[in-house]
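# pasting a predicted model and its sequence here:
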Amino acid sequence: MERFMNLKLHTKLMLFFSAITLIPLLFLGLFTYQVSSKMVKEQASNGVMEKLTQINKNVAFFSRDIEQLSNYIYRSELIHEVLEKSTTRTNKEKYQDFKKVNELFDSVLGTKTWNINLYILGVNGDRYFTGDYLPIRYNDIQANWGIFRKAEEGNGAAVWDTHYTTKQTDVQEVVLRIGRLIKNPQSEETIGYVIIDILESSIAELYQSDDQNSLNQLFLLDAKGYVISSFPSKATIGMRMQHGSMDNIMNSQSGVFQTKWNNENYMAIFDTNEETHYKIASFLPERIIAESGRTIKLLTILLIGIGFIVAIWFSYFLSLSITKPVNRLTKVMKKVEDGDLNVRFQARYEDEISGLGRNFNKMIVKLNTTMKESLEKQTRLQRSEIQMLRAQINPHFLYNTLETISAIAKIKGVRMISELAVALGEMMRYSIKKDNELVRLEEDLLLLERYLYIQEVRFQDKMSIDFTVDEDVKQLWIPPLLIQPIVENAIIHGLEPKIGKGTLSIHIFQQKDILIVEVKDDGVGIHEQKLKNIMKQLNDTRKNKKLGIGLENVKKRIALYFGDTYGIFIDSVPNMGATVQMRLPILKEK
């Protein structure tokens with residue numbers, strides 16, 4: 001599995017598509033071959049069954065004709081007249097009778113091509129026959145033997161004898177025999193017998209006109225299983241067929257089943273004639289059927305092969321159509337990885353890969369923009385740090401001077417001057433030691449408290465301060481020196497120009513995921529147009545000296561730290577005051 005996963009996508013897709021195509025193709029081919037083979041077997045068995053049924057009908061027609069012939073002889077007045085004559089008649093009279101009977105034979109047989117021998121055996125000793133000679137078995141009438149006994153039992157009806165056979169030199173084998181007892185119509189006395197011997201060649205003629213090769217092994221059986229006729233071998237004629245499938249054949253009307261004979265698999269097909277009760281069976285070797293299905297097998301293999309080649313071809317181009325844009329996208333990504341942000345993926349279609357490429361292009365554009373903004377931000381921070389380092393010289397000097405003033409004020413006993421100097425000195429010290437690192441909110445609030453003390457001393461009773469801070473926000477982290485410039489802006493531009501006493505409200509709290517510092521005054525306020533100009537100048541990235549360094553510095557530092565989502569928002573009503581709201585993200589860790 002690991003080896004497969006390490007293959008290239010093109011190879012994996014080819015293998016996958018080939019597998020999902022080939023496996024159903026194999027199953028379909030196997031199913032088709034099995035169905036076709038079954039159909040070939042069914043067609044072969046149906047074809048043989050049709051031939052067997054027809055042969056059975058031919059045998060029945062032939063048997064019916066022979067019975068009609070025997071019936072004609074049985075009812076012939078000439079035959080009755082001859083057989084009732086005395087045994088002492090002259091030779092001339094016998095010759096005349098012989099001629100009459102032969103003429104009768106010629107008339108009833110006519111142009112018939114039957115290979116049969118017709119015998120009329122009289123009790124008076126007369127013997128008439130169509131063959132060249134009279135077989136020994138018919139010289140004497142033996143009422144208790146073979147066909148004579150059956151004729152006696154038939155009492156004038158036609159009887160068949162199928163399993164008695166004789167083999168004589170230069171004489172074909174007799175396989176069927178029909179006999180009748182001839183009686184005097186008035187006295188009911190037996191006056192003779194009519195016997196017809198049917199040679200095997202007569203039966204063979206009934207199926208030789210058919211396609212014998214399709215029949216292969218053919219057997220005509222009587223009701224007891226004795227072989228009347230067979231093809232191609234004649235060795236079993238007259239014998240009871242010894243075969244493992246005989247029970248199936250003898251106990252069923254017709255059917256098809258598989259059997260084994262002489263270590264070879266056969267398909268046995270048989271049918272029974274309802275009139276004669278003869279059974280005709282054919283044994284067709286399965287190898288012959290398999291040869292018939294070989295073309296189907298080769299065609300199935302050929303189709304599977306062609307299907308597999310088409311599947312490989314289809315899989316190759318389908319996987320290539322998928323992996324080619326992926327490879328192009330991979331090359332673009334590699335160039336971006338090497339630092340080239342100017343490359344772009346050429347999306348040609350509207351599929352998922354092209355969509356991914358377009359999104360990748362957007363990502364490169366955003367990455368380019370972000371890197372430029374980050375570089376500009378870093379440059380501005382570096383410049384700010386340099387300016388702060390330069391500005392630290394004067395604060396150090398002022399801080400030392402304030403320390404001296406505080407010491408002199410203590411010596412002279414002027415406590416307020418000393419406290420003001422200490423507060424201003426601590427503000428100087430805080431601004432000197434703090435760079436651009438984050439500080440806790442409560443630390444920055446200490447600076448604000450020093451600044452407010454100085455302003456309270458300055459304004460005396462002209463200004464009151466409302467200062468509230470939620471306890472759960474004091475431990476949050478913020479950039480240093482953000483709140484004091486906003487408060488200073490409210491005092492200088494809002495409360496200082498106001499006639500009379502003013503109120504400064506400072507509220508710091510958390511609203512959802514935003515830290516809000518709200519500074520509100522009830523001073524002179526800001527006119528609408530001026531407020532628009534202030535907001536426009538705050539949003540201008542260029543340095544604006546008219547706005548002053550307080551709010552501009554705060555706005556830019558917030559943008560540098562957190563982006564344009566956060567910042568300063570001002571609302572004001574002329575002569576009623578202004579509200580400045582600073583919004584910062586919630587930072588629980590530095």
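Cool, the structure landed.

# could you use CA atoms for every contact and neighbour count after this?
Will do.

# so which residues make contact with stretch 43-55?
206-207, 210, 214-215, 256, 267, 269-273, 280-282, 289 (CA atoms under 8 Å, 6 or more residues apart in numbering).

# sorry, wrong one. I was asking about stretch 178-197.
66-67, 70, 73-74, 80, 83-84, 116-124, 147-148, 150-152, 154-161, 174-177.

# give me every residue that touches N263.
Neighbours of N263 in contact, by CA under 8 Å, 6+ apart: none.

# N58 now?
Per CA under 8 Å, 6+ apart, neighbours of N58: L206.

# that one sits in which helix or strand?
Secondary structure assignment for N58, by DSSP states H and E: helix 9-75.

# check V194 too.
Per DSSP H and E: V194 is located in strand 190-199.

# following element in sequence after the helix or strand bottoming out on mean pLDDT in the chain, please.
Across the helices and strands of the chain, mean confidence by mean pLDDT, DSSP states H and E is lowest for helix 212-215: a mean of 55. Using DSSP H and E, the next helix or strand after helix 212-215 towards the C-terminus is strand 217-221.

# contacts for that following strand, please.
227-232, 278-284.

# just the buried ones out of these, please.
V227, I228, S229, S230, F231, Y278, K279, I280, A281, S282, F283, L284 (16 or more other CA atoms under 10 Å).

# can you redo those residues as JSON lines with pLDDT, secondary structure and distance to L587?
JSON lines is the format used below for those (pLDDT from 0 to 100; DSSP: H, G, I helix; E, B strand; the rest coil; distance: CA to CA, whole Å):
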{"residue": "V227", "pLDDT": "87", "secondary structure": "strand", "distance to L587": "110"}
{"residue": "I228", "pLDDT": "85", "secondary structure": "strand", "distance to L587": "112"}
{"residue": "S229", "pLDDT": "86", "secondary structure": "strand", "distance to L587": "111"}
{"residue": "S230", "pLDDT": "85", "secondary structure": "strand", "distance to L587": "108"}
{"residue": "F231", "pLDDT": "82", "secondary structure": "strand", "distance to L587": "107"}
{"residue": "Y278", "pLDDT": "88", "secondary structure": "coil", "distance to L587": "108"}
{"residue": "K279", "pLDDT": "88", "secondary structure": "strand", "distance to L587": "104"}
{"residue": "I280", "pLDDT": "88", "secondary structure": "strand", "distance to L587": "103"}
{"residue": "A281", "pLDDT": "88", "secondary structure": "strand", "distance to L587": "101"}
{"residue": "S282", "pLDDT": "86", "secondary structure": "strand", "distance to L587": "99"}
{"residue": "F283", "pLDDT": "85", "secondary structure": "strand", "distance to L587": "97"}
{"residue": "L284", "pLDDT": "82", "secondary structure": "strand", "distance to L587": "94"}
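
# neighbours of K530, how many?
10 (other CA atoms under 10 Å).

# how about I309?
14.

# then A151?
A151 has 26 neighbours, counted by other CA under 10 Å.

# for the helix or strand hosting it, packing partners?
Using DSSP H and E, the element containing A151 is helix 146-154. Packing partners of helix 146-154 (3 or more CA pairs under 8 Å, 6 or more residues apart in numbering; DSSP states H and E): strand 159-161, strand 174-183.

# go through the ones you listed and pick out the most buried.
Stretch with highest mean neighbour count among those: strand 174-183 (a mean of 25; mean count of other CA atoms under 10 Å).

# residue ranges with poor pLDDT in the stretch 451-590 of the chain?
Where the stretch 451-590 of the chain drops to pLDDT under 70, the residues are 541-549.

# that older thread, reformat the helices and strands packed on helix 146-154 as CSV; add distance to G567 and mean pLDDT.
CSV is the format used below for those (distance: least, CA to CA, whole Å; pLDDT from 0 to 100):
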stretch, distance to G567, mean pLDDT
strand 159-161, 125, 87
strand 174-183, 123, 88
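
# JSON lines please, covering those and showing distance to V439.
Shown next, in JSON lines, are the helices and strands packed on helix 146-154 (distance: least, CA to CA, whole Å):
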{"stretch": "strand 159-161", "distance to V439": "129"}
{"stretch": "strand 174-183", "distance to V439": "127"}
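
# and the contacts of stretch 178-197, which are buried?
Buried by 16+ other CA under 10 Å: 66-67, 70, 73-74, 80, 83-84, 116-123, 147-148, 150-152, 155-161, 174-177, out of these.

# circling back: quickly name whichever of the contacts of strand 217-221 is closest to Q96.
I228 (38.0 Å; CA to CA).

# cool, thanks, talk later.
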